[in-house]
Each structure stands twice: as structure tokens, then as C-alpha cells.
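Colleague: Got a predicted model here, sequence first, then my questions.
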Amino acid sequence: MWLKKRRAVTLLITLAVIATMLALVGILFGYLETARRNAESKSAIVEASLLRQDLQRLLRKYLNSSSKETLRQLYTTPMTISGRDGSFDATVRCGPLLDRIPVSWLGDGGNSTMLRAHQLARELFDSITEKAEMKDPFRLYEMIRLALRGISPVFGEEGWIASRPGLLDAKTFERILDDYRFAADDPNVYRVPWHDYFLMNTVPVTPPGLDREFLTPELLAYLYGLEPDYVRSNYTPGNAEEFLRENGLEGDDERYRWLFAKKPPLLFRCTVFYSFREKQYNFVFDYRNGRMEDFELQAQ
């Protein structure tokens, strides 16, 4: 009887040891898997940094003699970059930054040099919010103006405004819309196609002028008094001059002479999609002042 009890205790101890070892093996494999993923992620970041350097040289060479046609090709045709050893493939898609009204112009009413820009932005704001039948657009307007000064616009909350004063990024703007929606009990704020008209910008508060040839269809329709659906159906960004001429509107450019850049502005945003070790990654950057800025590696 004593021998049987001893064997049972020994068996229990053996099973406990085995269970502990299995648990430790599981933890070890989990740790190794996490370490492997971290190593791959860090390698992907290094790869993105190398791609960034290559793209910087490529864009400078490509844009050395920039023209409307050069930019049209850049904005309409994705670029493909491949490693000589076949270790990676990258696709680059770019679009103009100055194809909409910078939202920062809503905050410049007190600046005499920006008076026309502010007036245009405010009239556009009033027009699209009225069309969406918003309850209290002036409240939203004041919230945006506060945020542009770096001040949290509601509920006395502090610290969540991430943008630099005078600039609003897309995430901050979306947060303002959410705050307004609940403060004013107004879901109609989401009916406004904000990003078709306003640039949630990282460009300077006073840009050198919008790129007339590449205006969004919605903004082009607003400026020239056309129906957005008609413009979307008949206009391709990059051909604004031809579109206006065909519709007998080329003479209307005089009133917007101050708004448009004399030369195609080299300000655009690119997204780079690349594969690395059979996984997909992407990063974004703004190109301005002849270099890549606001580089951001995004989630897979």
C-alpha cells in the first residue's frame, strides 16, 4: 500500500514537472515569435529608410525640369521601383497638395495679407454647410478657429490638439467634427464632403498659390458656378485649362488670378507601398521645398 502511494506521488510530481516544462516551452516559443516579428518590423523600417533615400534622388532628378505634363504623369501614373537583387518591389502613388483650399485659411481673418483667402474659405465653408443643412455651422467654425490657434475648442479639455498652431492634420480635424457632432447634436456634419474642398494641411499657412490644373472637381465646380456632378463627369484633374475653355469659362480666371500659382507648384503627397519578406508595408510623405518631409510609416 505504501509503495502504491509513493508511486502515485511520484507520478503527480512527474506530471507537474511536465506541465511546467510545457508551459515554459509555450512561453519561450511566444517570446521567440514576438522577437521575430519585432526583428522583421525593424528590418522593414530600415528598408523604408533606404527607399526614402532612393526616392529623394529619383524625385529630384525627375522634377529637375518640372512642367504641367511632368506633374500630370507623376499624379496619374504610379511609379514602380525594384531592387536589383529582387529583394523588394515598391509602388509610388502621388497626388497634389494644393488642389483644395487650405483649412488654415479659415483662421486668418485678422491678417490683412490673407483677407481674400480668408473670405474665399469662409464663403466656401458657409456654402457647403448650408447645403448639408447643419444646425449650428458657426459653432463648428469657431471650434476650427480655436484649434488653428492650438486651443482645444470644447469642454475645457486640454492637451489633445496635436497640430502645430496654424495647421490642422486630418486626424485632428476629424476629432473636431466628432466633438461638434455631440456638442450640437448634429449628425449632418458628416454629410459635408470636407476633404473634397478643404486641405487638412501640413503645407505653409500661406502657400505660393493653388495648382489650377489639378483642382478637385468639387472645388472647380464651386469656383466657376457649375454642378459638381457635371464636372466630375467631364473633367479630369490636370486638364482644367482645356475644360474651362470648352465650357466658355476661361475669361473667369481674372477674378482668381491671385489664387493660382504662376508655375505648377512642387508640393505633393506620396504613398509608397512596398513588399518585404513576403509582407506588405507602406509609408507616406509630403514633398515640398525640394525634399521629402513629414515622413510617416503606416500600419500594414
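Modeller: Ah, there it is.
Colleague: Walking through this protein, point out its strands one by one.
Modeller: 79-82, 88-96, 101-102, 198-199, 268-276, 279-288, 291-298 (DSSP state E).
Colleague: what comes into contact with the first one?
Modeller: It stands for strand 79-82. 51, 54-55, 58, 88-92, 94 (C-beta atoms under 8 Å, 6 or more residues apart in numbering). Any C-beta I mention is one placed from the backbone N, CA and C, and that applies to glycine too.
Colleague: Flag whichever of those residues scores worst on pLDDT.
Modeller: When those are sorted by pLDDT, the bottom entry is residue 88 at 64.
Colleague: For the residue lying closest to residue 270 once chain neighbours are set aside, which residues are in contact?
Modeller: Closest residue to residue 270 apart from its sequence neighbours, by C-beta to C-beta, 6 or more residues apart in numbering: residue 94 at 4.2 Å. Applying C-beta under 8 Å, 6+ apart to residue 94 gives the contacts 74-75, 79, 268-271, 287.
Colleague: at 7 Å what do you get?
Modeller: Taking C-beta atoms under 7 Å, 6 or more residues apart in numbering as the definition of contact, the neighbours of residue 94 are 74-75, 268-270.
Colleague: Run through the helices of this structure in chain order.
Modeller: 2-62, 68-76, 115-131, 137-148, 170-184, 194-197, 217-223, 228-234, 240-246 (DSSP state H).
Colleague: mean pLDDT lowest for which of these?
Modeller: For the helices of the chain, the weakest mean pLDDT is recorded on helix 2-62, namely a mean of 54.
Colleague: what bits of the stretch 151-300 of the chain have low per-residue confidence?
Modeller: When the per-residue scores of the stretch 151-300 of the chain are filtered using pLDDT under 70, the ranges that remain are 152-166, 201-208, 252, 276-278, 297-300.
Colleague: didn't residue 117 look like it was pressed against residue 105?
Modeller: Yes: using C-beta atoms under 7 Å as the test, residue 117 is close enough to residue 105 to be in contact (4.6 Å).
Colleague: quick one: which of the two has more around it?
Modeller: More neighbours surround residue 105 than the other of residue 117 and residue 105, with 26 against 23 (other C-beta atoms under 10 Å).
Colleague: nearest residue to the more buried one other than its sequence neighbours?
Modeller: Using C-beta to C-beta, 6+ apart, the nearest residue to residue 105 is residue 121, at 3.8 Å.
Colleague: now residue 131
Modeller: In space, not counting the residues next to it along the chain, residue 131 is nearest to residue 192; the distance is 7.9 Å by C-beta to C-beta, 6+ apart.
Colleague: pretty sure that neighbour contacts residue 132?
Modeller: Yes: here residue 192 lies in contact with residue 132, judged by C-beta under 7 Å, at a distance of 4.6 Å.
Colleague: Which of those two has more residues huddled nearby?
Modeller: In terms of neighbours (other C-beta under 10 Å), residue 192 is the more surrounded of residue 192 and residue 132; the figures are 20 against 16.
Colleague: Next up, phi/psi of the more buried one, please.
Modeller: Main-chain dihedrals, residue 192, degrees, to the nearest 10: phi -80, psi 120.
Colleague: Next one: the residue nearest to residue 270 from residue 137, what distance?
Modeller: 33 Å (C-beta to C-beta, to the nearest Å).
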